[in-house]
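**Student:** Got a sequence here, can you model it:
(chains A, B, C and D)
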There are 4 protein chains.
Amino acid sequence: MIKVGIVGGTGYTGVELVRLLLRHPGVTLEVITSRSEAGKDVSELFPSLRGEVELKFSQPSVEAYQNCDLVFFATPNTTAMTQAEELLQAGIKIIDLAADFRIKDVKIWEQWYGATHACPALIEEAVYGLPELNREAIRSARLVANPGCHPISVILAVLPLLANSMIDPRSIIADCKSGVSGAGRKADLGLAFCEVTESVKAYAVSGHRHLPEIREILRILNADVELVFTPHLVPMVRGIHATVYADALQSGDLVQTLYQDFYRDEPFVDVMPSGSHPETRSVRGANVCQIAVHYLEQSNKFVVLSVEDNLVKGAAGQAIQNMNLMFGLDEAMGLENPGMIP
Amino acid sequence: MIKVGIVGGTGYTGVELVRLLLRHPGVTLEVITSRSEAGKDVSELFPSLRGEVELKFSQPSVEAYQNCDLVFFATPNTTAMTQAEELLQAGIKIIDLAADFRIKDVKIWEQWYGATHACPALIEEAVYGLPELNREAIRSARLVANPGCHPISVILAVLPLLANSMIDPRSIIADCKSGVSGAGRKADLGLAFCEVTESVKAYAVSGHRHLPEIREILRILNADVELVFTPHLVPMVRGIHATVYADALQSGDLVQTLYQDFYRDEPFVDVMPSGSHPETRSVRGANVCQIAVHYLEQSNKFVVLSVEDNLVKGAAGQAIQNMNLMFGLDEAMGLENPGMIP
Amino acid sequence: MIKVGIVGGTGYTGVELVRLLLRHPGVTLEVITSRSEAGKDVSELFPSLRGEVELKFSQPSVEAYQNCDLVFFATPNTTAMTQAEELLQAGIKIIDLAADFRIKDVKIWEQWYGATHACPALIEEAVYGLPELNREAIRSARLVANPGCHPISVILAVLPLLANSMIDPRSIIADCKSGVSGAGRKADLGLAFCEVTESVKAYAVSGHRHLPEIREILRILNADVELVFTPHLVPMVRGIHATVYADALQSGDLVQTLYQDFYRDEPFVDVMPSGSHPETRSVRGANVCQIAVHYLEQSNKFVVLSVEDNLVKGAAGQAIQNMNLMFGLDEAMGLENPGMIP
Amino acid sequence: MIKVGIVGGTGYTGVELVRLLLRHPGVTLEVITSRSEAGKDVSELFPSLRGEVELKFSQPSVEAYQNCDLVFFATPNTTAMTQAEELLQAGIKIIDLAADFRIKDVKIWEQWYGATHACPALIEEAVYGLPELNREAIRSARLVANPGCHPISVILAVLPLLANSMIDPRSIIADCKSGVSGAGRKADLGLAFCEVTESVKAYAVSGHRHLPEIREILRILNADVELVFTPHLVPMVRGIHATVYADALQSGDLVQTLYQDFYRDEPFVDVMPSGSHPETRSVRGANVCQIAVHYLEQSNKFVVLSVEDNLVKGAAGQAIQNMNLMFGLDEAMGLENPGMIP
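**Tutor:** Here you go, the predicted structure:
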């Protein structure tokens, strides 16, 4: 059994990790830390876990994790980078669900995250944890940077087109609609029920932190990539719907087959039948990205629709998929639950 | 492996049965029938099940179930009663998730359901499938009447008080708040998003079909029981919150201990700490009823709060718990998932 | 034109006052104060008011209100009581939408609000601003205590029964379902979208501040009143649905006529036809309380259903109705808008 | 007083017309027709109108409208075209809120609406009822085609750019997020609460009826316009958020001023400050389109955000604005209410 710990277990990503890890047959959950809730029963904060987990929140420290083979950082940005080195030296692998190690260009990272990177030496080693792109590297990684929730949905949507030079790399527009849980569990007027329900708005149109992340990854495939990324806040808890537009360089007649072939062996990417309109609810609670590709002849554009649960394939589930790879387990272990509808 | 079938698999109870049975290690799902969708892939109707289930909907018939050890009726009321006899004769056990066999007094049943009962001979044999009340009878039953969603939440809330003669049996008021999924999956203006969201209303105040069901069961414990039952429709998908009031005959000082002792060995009834206010979201997707009991000294009343997911502990999960008992499996098998929050 | 000011205009009650007063033909809005937002355009905080109001938030002070004939306190509890005396001496009338002057028994007030009352001398003079009970007193009042949102819905529901000695005064149970806006506009994890949507819970079962308020008012009609009051949080923005139960002392045969007669001349209480189930959405944005009364013969109980928009008839609209009375205007002026559905 | 009638008053557009017309000082509502509800009190179907409107639904017929100066068709598509000629001959003006007269090219109309046009002779005369484009023509029109809800938000968003040749006319992408009320009031499983809440999906990606409408109107300004239009269903009742992308032909430095100048005299288009992110809730219930324009230098694209209430500026309010113009009233009469938040 792999022994794992969770740093910062009081957020939505943290509790989702607990929910999924509790049913994972290859893992024992050793420790959950929280500076603010140390000493409190985990199930007191999350009554959904009553009878499921006996742990209390611990103070975060290297000692707390000493029995762990792996630690998940479900913390705010800029936390993992201050502790990663010490943990790795103690032989503990790391999956950071925040953004500290996602961007290779440290200057760009520092510009977008408004901080000096505390651990630039490890950035190069860190593997961007998207198995559909980096499976082999993840298997042997000590430090995995779990991707952002929007980037996963956008990258998976556009990957087959870009890898096959089907689109103008400078024409990509990603219009994303995201549930509120992506903003985290916190006291914030902007996230209050009465402020977000029955409304839609765009945010960070001039530039969101997920933009440089998507751009850097896509430029691995084509250095000319430029994109517009517009996230919107939608009144629902879970789910991201990415609608990705790009100018076609080739006819789209065979694009359905292209997608099906591209993702044929992927356990967690589901190419829908031609003409489909995926719904975020279909993947609620499931570690799946469902994708439908459309070609509009009149305007000669591709429109790709992709949906994921931002807390599962967009965060905790993706992290467990990475863990499975890092420890030689079946990649799908503990991640087999279908979506919960209605 | 137990072989099971689902009659009427296109409703919310049906798809929830599929979701739960797919992960049940002691069961194979042999057949799902639907008159209207026969021939269609189950996963076409429910894209959340893509890659999870290969079945197509079949035409309902005894032949369709001939390989089954058990059949779940996830049909509208008055369907199971027309087929039960034939299936039982073929050696197939039955759990009816509708109301056909819930009420022993056939005259009362016929009055509330507006139909002539097609199979009165089996009513006596049918076991009311509430393990907290009827565990032993369920183990040996051929035909189980799965309780209504409201009755489960109300009965579990009030059972310890009534069994211990703590309350005036004529003073019970059950004020229930229910999510919309309880009304089923159908085209109905009254269930349209724009008609039910951002609103609350009571319904069937003068008498709801779950009233005679609750009354009959509670009168097993005390023949003098009379109650008021008022269901309310709340703008959420899953969840029932029962708020049950009753006049105290004895002081409530020890009522917390009473509840804890009463439900100590129950795998799926969770008595919350004194002073708690359970939330329906804590049990979303889980086969649990969480209960908190309050005693109000000034008015000398008990107020019991109980929450369940109407599709799980209130329907499909409850049915699987009954199935586990009927086939000698671990009662909790396949039902271990915690609630999904947020 | 009556000149009015709003103290504490950044909350939901404040912005609702602005929305309604802007269209009131007998009023000019002179000043809106806010300690935290002073200097900012009101329409910057509330873009729904762009082009509608030119005011900036001012620092609160007596000088700020010196041109006003009336000031609304849309502040947290314990604010109005520190300023009321000075304003009244300056000839400015007051409507307090908070709780400072609602309860006549200062000891009970201090016990429930956890503070020493700063202005006990004015409590006796203050008029409880429920026109259906106190119309004449409101007309001549200098200081009106606008009722709490739950108390309005509960008192109006039960008033005809109590006034006509139809019920056991010790048997009243008020089970209320409230939208989230009643908790105010603030950064609070408990009010976050992801914490309250898709869930129902009771709160303050052991005692809510609106309990002593309702009790004191109802005891004016019958000194023996005792009641249970259980508020529940429901995932919607606006609306309160009160379900009030009481033991009948007389037959309920004529209760429909009784209610219709009792409220015949009330402009803002609407007795629905016999057998109705009012919905909160029908009164969204409107200054109306819709009521339906049911008599359950078998249990000999009355069940009264009443709905209001907690921000209108439950707060801002009620306050304007009181203002109209205080200044001799048509009681309905500025309050004629029907509910907004869907 | 202008005498008006509403044909088909049982839908969301119909009841919104009633809500707004009841407070309109220059109008009396003479008749509301409905084939299915004829004889029933309007306020029985819509309890929000109790005490506000005494009308019953009438059978639709020319006689029913004979006292009217104007009739609004709030009917499904293909109704108005069968009655328009007769009404116009009787001297009754018409505003059709459906699509019968929106598209000048009858072949395109017939292709997208799957019907033979019953009244092609009137198409040329009909005026597309967007005052920001056609104010003078509307003033003298007998027959106004009220625009579609999406087209209004998209056209107003892109009009200043297109009119000033700021963008490549073949590069327009309109990604729209719409509330559920846009789909109308009907019993339809796809609109059920449990099917649409907590989810987002695109629909009609390969072609939606609003696409040819937008295209035809925009081509009046530039014959080369081509566009992609992708509507998405969002779990809220009211509101459309259009996010419009286009390739810049000129620098966007002065685009904010351009928009402010372009819409300076428009009573119902509100250009937000530079850098804004409008929210649909800010215009809930109000006849306003709020617009924010962004220029992204790195990708040389404009991103325009526009929000409206699809039932007001997107339908009923827009129709009343047109009526005001047709009858020489103040264009804003009856439309002054600000948005209702929260």
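**Student:** Okay, and the residue in the stretch 1-150 of chain A positioned nearest to chain D sits in which element?
**Tutor:** Relative to chain D, the nearest point of the stretch 1-150 of chain A is A:Ile108 (12.8 Å; CB to the nearest CB). Backbone N, C-alpha and C define where each C-beta goes, glycine included. Assigned by DSSP states H and E, A:Ile108 belongs to helix A:106-113.
**Student:** Output that helix in CSV, but only the C-alpha positions, please.
**Tutor:** C-alpha atoms of helix A:106-113 as CSV (Å, rounded to 0.1, in the frame of the first residue of the first chain):
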residue,chain,number,x,y,z
VAL,A,106,10.5,31.2,-14.3
LYS,A,107,10.3,34.8,-15.4
ILE,A,108,6.9,34.3,-16.8
TRP,A,109,5.9,32.5,-13.7
GLU,A,110,7.1,35.3,-11.5
GLN,A,111,5.4,37.9,-13.6
TRP,A,112,2.0,36.2,-13.5
TYR,A,113,2.1,35.0,-9.9
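**Student:** Find the nearest non-adjacent residue to the residue of the stretch 1-150 of chain A found nearest chain B, please.
**Tutor:** Relative to chain B, the nearest point of the stretch 1-150 of chain A is A:Ser48 (3.4 Å; CB to the nearest CB). Once flanking residues are discounted, A:Ser48 sits nearest to B:Gly339: 3.4 Å by CB to CB, 6 or more residues apart in numbering or on different chains.
**Student:** What is the neighbour count of that neighbour?
**Tutor:** Neighbourhood size, B:Gly339 [other CB atoms under 10 Å in any protein chain shown]: 25.
**Student:** Confirm that it sits in a helix.
**Tutor:** No: counting by DSSP: H, G, I helix; E, B strand; the rest coil, B:Gly339 is not found in a helix; it is coil.
**Student:** looking at this, A:Leu88 is in a helix?
**Tutor:** Yes: counting by three-state DSSP, A:Leu88 falls inside a helix.
**Student:** shaky segments in the stretch 1-150 of chain A?
**Tutor:** Within the stretch 1-150 of chain A, not a single segment meets pLDDT under 70.
**Student:** wait, A:Lys186 sits on C:Leu191?
**Tutor:** No: using CB atoms under 8 Å, A:Lys186 makes no contact with C:Leu191, being 11.7 Å away.
**Student:** what's the residue of the stretch 1-150 of chain A closest to chain B in contact with, if anything?
**Tutor:** A:15, A:19, B:281-284, B:286, B:338-341 (CB atoms under 8 Å, 6 or more residues apart in numbering or on different chains).
**Student:** try it again with 6 Å
**Tutor:** Residues in contact with A:Ser48 (CB atoms under 6 Å, 6 or more residues apart in numbering or on different chains) are B:282, B:338-339, B:341.
**Student:** Mind giving me the ChimeraX select for these, buried ones only?
**Tutor:** The buried residues among the contacts of A:Ser48 can be selected in ChimeraX (16 or more other CB atoms under 10 Å in any protein chain shown) with this line:
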select /B:282,338,339,341
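**Student:** now, which of the contacts of A:Ser48 sits nearest chain A?
**Tutor:** Distance to chain A across the contacts of A:Ser48 (CB to the nearest CB) is lowest for B:Gly339, with 3.4 Å.
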